[in-house]
Structure formats: structure tokens, C-alpha cells
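# Sequence plus predicted model, see below.
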Amino acid sequence: MDKLLLRKCIVEFIGAFFLIFVIGCVSSQARVFLGPLAIGAALMVMIFAGGHISGAHYNPAVTLGVWIRGGCNGLQAICYMIAQVVAAVAAAIVVPMLFGHTITPGATGSTAQVMLAEFLGTFALVYTVLNVATAPATAGNSFYGLAIGFTVFVQAVAVGSVSGGAFNPAVAVGVSLLGAMKGQSLVVYCLSELVAAAAAAGIFRFVVSQDRAPKPEASQRRAVEAI
């Protein structure tokens, strides 16, 4: 692993950790006022903090979507996913240190309802990320973090009572370790989210002309310049 990729992975770890940490803290407390807004805001600030270095995925589903879209290579995608899952494990260790207990399950829907909710929420998230953070027409904008954070917020409000509103395999791993879901449910969440990411990336590739899309090398040069 070269130094640039290592730096990106460190940023991915930090961003994913604080996102999942906030989710765990909110879920460990009863009746947190505007909990979904706190989670969306946590994602937003971490995106603004690290987006210029790693692209601020913080989500294996987003990384899969960006890879399918052609925005990163396979090695980078694998390293990002590992960093994100390790961050989930770390957050799952830290949250009980603060609250002394595991979180209660947040999903109330059937397996089919959970799969549909996670698919739609993750699709909306990945579709938004690809369009506001990787599309040529929106290059250099200053609103991408706000758009992505608010996508998580509105989807969590919309379907959070059905599935818990993970929209992120790393989040699913973290809350699973915290006791919010059974082991077999983790497969349901991850499968729904990754399929949604692939669908969003496929549609993005269809509607956005690829001959105008920035190459991965160009994104890496911008990251180097930002560092």
C-alpha cells in the first residue's frame, strides 16, 4: 500500500468510526431528540472534513457504487471497505464503554420489508453521492456534504422504524456487534444495501455520459494536490 492510499484509508476509518459511533450513541439512549438529524449531520461534517482526501465514502455500499461507476480501482475499493468495517468494530467497542449496555433492535418490519427499506434508502444514498460528488456537471460544488447528509436524514425518518435505517454495510456490522440484530439479519442488510449500490451505479452510468466522466487518475491527482 502506498502512502497516498494509506492516508485515504485512515480518513475512511475516521469518518466511518464517527458516523457509527454517533449511531451507536443515539441508539443507546432513549428518546434522543432529532436522532436521525444528528446522524445525518455527523455524516455531513465527516464528509466535509475528509472528502478532499479520500472522497469520503465511509460506506462499503458507496465504495462499491463508486467502483462500478469507475471512480476508483479495485485495490482502493477493497482497502476502503476494510477500513470502514474495522472502524465499525472499533465503534462497537467504544460505545458500550460509554453507556455500559448494548442497543435494542430498531427494526420492526418483516424480512421483506427490511430488505425493501434498506434497498430504497441505500439506492437513494448512493445515487445522490454519485451525482453530487462524482458527476462532471456538479464538479467543484460546495453542497455535496449537505446533500449526502440530508439524504441519510430523510431516509432514516422515512423508513427507520421499519429497518432501523442502516443504509451502510459497515453500520450493519457495527450495530450487529452492539446487539441490535441477529447474525442472519446481517446478511439481509448487507445484501440489500450492496445490490442497491450496484443498481444506483448502473443507472448512473446509463444516464451520465461516461466520456465526460473524470478518470480515477484525475481524482487521485486532486487528492494529492489537496494534501
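Looks like it arrived, so ask away.
# what about this structure, any weak spots by pLDDT?
Low-confidence regions of the chain, defined by pLDDT under 70, span residues 1, 106, 209-227.
# same thing but 90
Per-residue confidence of the chain (counting by pLDDT under 90) places the weak regions at 1-2, 27-35, 99-109, 178-185, 208-227.
# Got phi/psi on the most centrally placed residue in it?
With distances taken as Cα atoms, centre = their mean, N59 lies nearest the centre of the chain, 2.9 Å away. Its backbone dihedrals place N59 at phi -160, psi 120, with angles given as degrees, to the nearest 10.
# Helices along the protein, start to end?
With DSSP state H, the ranges of helices along the chain come out as 3-27, 35-54, 60-69, 74-99, 111-133, 144-163, 169-177, 183-207, 216-226.
# what number of residues lie near the closest residue to the residue nearest to the centre of the chain other than its chain neighbours?
Computed as Cβ to Cβ, 6 or more residues apart in numbering, the closest residue to N59 that is not its neighbour in sequence is N168, at 4.3 Å. All C-beta atoms are positioned from the backbone trio N, CA, C, and that covers glycine. Other residues lying near N168 total 32 when counted by other Cβ atoms under 10 Å.
# try the one 4 residues further on
A count of nearby residues for A172, using other Cβ under 10 Å, gives 29.
# Contact partners for the nearest residue to it once chain neighbours are set aside?
In this structure, A172 finds its nearest non-sequential neighbour in Y189, 4.0 Å apart by Cβ to Cβ, 6+ apart. Residues in contact with Y189, defined by Cβ atoms under 8 Å, 6 or more residues apart in numbering, are 114, 118, 163, 166, 169, 172, 181.
# Tell me how far the first one lies from V22.
Which is V114. As for V114, its distance to V22 is 22 Å (criterion: Cβ to Cβ, to the nearest Å).
# go on, S192?
22 Å.
# With neighbour numbers in mind, choose between those two.
Under the neighbour definition other Cβ under 10 Å, S192 and V22 were set side by side, and S192 has more, 27 against 20.
# and the closest residue to that one other than its chain neighbours, how many neighbours?
Ranked by Cβ to Cβ, 6+ apart and with sequence neighbours excluded, the top spatial neighbour of S192 is E118, at 4.0 Å. Other residues within reach of E118, judged by other Cβ under 10 Å, total 32.
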